[in-house]
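Asker: Need a 3D model of the sequence below.
(one chain, ligands or ions: 1)
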Amino acid sequence: MSSFVWMKVLESAPERYDRGVHRLSRGRIDDVYRRIAERVAAPARTILDIGCGTGGVSLACAARGAEVFGIDLDAGMLEVARAKPVPGDGTVTFLQLAAAEIEDRFPERTLDAVVSCLAFSELSPEQQAYALKIARTRLRPGGELLIADEVAPRSGARRAWYHLRRAPLIALTYVLTQTTTRPVAGLADAVRATGFREVTETRIWEDTFVLVHGVRAEAAGASASTEEGS
Ligand SMILES: C[S@@+](CC[C@H](N)C(=O)[O-])C[C@H]1O[C@@H](n2cnc3c(N)ncnc32)[C@H](O)[C@@H]1O
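Answerer: So this is what the prediction gives:
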């Protein structure tokens, strides 16, 4: 698996992002987009996609009939997204909006699902905590959260090799873009601590990618399970 640390470089040329992310994921990113959509999208469901980029997840959800709002900071990524045809019967509205501005644009309890793919790794821990908290308040009771992102492997040797391989790439991408990404850590626990219940963590791609799913409950309360996926 090539490291997703290169994403920041890809984002500096949005018209090349799709090709680049396909290469970094060895052609498997569409499966993740589809997996997210299969889990949360259906006709008459309203979905918020945080850090939608060029629209992969948003469009996969629209293909299943959902009303989707894709938000992103980056005008260039949004321009690429808006140029794509919307498949299926759903709708997509792409908005230039930061994760920190969600509460200004979306009233409480109006969303059926909040999703995000490869964007939490670009947020600081404080921004992640804020996004989780606001996502919870914007979801209707029973609404779903699904976050997919890069993660460091759990086993010692694989983890050490992962970080060793990543270090020079971080330095290089920092020189090129003055920023970097961090694999998400402790995300399922953070989702649980925010008050989501039925939290599951599914690891794929040789333990380097995670999908965390949770459900908004009325009262805070949490249960957990960890499962392996492929
Ligand atoms: C690697 S791309 C992922 C795009 C898309 N979700 C995908 O899976 O292909 C990360 C995106 O998150 C956006 N992003 C980063 N920080 C953000 C923030 N604070 N608010 C909104 N979008 C943000 C970036 O502009 C970028 O388009």
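Asker: and Thr200, what helix or strand is that in?
Answerer: strand 196-204 (DSSP states H and E).
Asker: Get me the contact residues on the protein for the ligand.
Answerer: Within the chain, the positions adjacent to the ligand are 7, 11, 21, 51-53, 56-57, 71-74, 77, 98-99, 117-119, 122-123, 127 by C-beta under 6 Å from any ligand atom. All C-beta atoms are positioned from the backbone trio N, CA, C, and that covers glycine.
Asker: Generate a ChimeraX selection restricted to the buried subset of those.
Answerer: Buried residues among these (16 or more other C-beta atoms under 10 Å), as a ChimeraX selection:
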select :7,11,21,51,52,53,56,57,71,72,73,74,77,99,117,118,119,122,123
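Asker: Buried ones in the longest strand along the chain, by neighbour count?
Answerer: What stands out as the longest strand in the chain, according to DSSP state E, is strand 139-150. By neighbour count on 16+ other C-beta under 10 Å, the buried set for strand 139-150 is 139, 143-150.
Asker: Check those against the ligand and report the nearest one.
Answerer: Of all the buried residues of strand 139-150, the ligand sits closest to Ala148, with 7.5 Å by C-beta to the nearest ligand atom.
Asker: list the contacts for that closest one?
Answerer: 32, 35-36, 115-118, 209-212 (C-beta atoms under 8 Å, 6 or more residues apart in numbering).
Asker: before we move on, back to that, tell me the angle the longest strand of the chain makes with strand 196-204.
Answerer: Relative orientation of strand 139-150 with respect to strand 196-204: 20 degrees, computed using axes from the mean of the first three to the mean of the last three C-alpha atoms, to 10 degrees.
Asker: pull the CA atoms of strand 139-150 into PDB?
Answerer: C-alpha atoms of strand 139-150 as PDB (Å, rounded to 0.1, in the frame of the first residue of the first chain):
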ATOM      1  CA  LEU A 139     -28.100  13.800  13.200                       C
ATOM      2  CA  ARG A 140     -31.600  12.800  14.000                       C
ATOM      3  CA  PRO A 141     -31.900  10.200  16.700                       C
ATOM      4  CA  GLY A 142     -31.000   6.900  15.100                       C
ATOM      5  CA  GLY A 143     -28.900   8.700  12.500                       C
ATOM      6  CA  GLU A 144     -25.600   7.200  11.400                       C
ATOM      7  CA  LEU A 145     -22.000   8.300  11.400                       C
ATOM      8  CA  LEU A 146     -19.500   6.600   9.100                       C
ATOM      9  CA  ILE A 147     -15.800   7.700   8.900                       C
ATOM     10  CA  ALA A 148     -13.300   6.000   6.700                       C
ATOM     11  CA  ASP A 149      -9.600   6.900   6.900                       C
ATOM     12  CA  GLU A 150      -6.000   5.800   7.000                       C
END
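Asker: Could you list the paired strands of that strand along with their orientation?
Answerer: Here strand 139-150 is paired, per DSSP bridges, with strand 111-117 (parallel), strand 209-216 (antiparallel).
Asker: Which helix or strand lies directly C-terminal to it?
Answerer: Using DSSP H and E, the helix or strand that follows strand 139-150 in sequence is helix 156-177.
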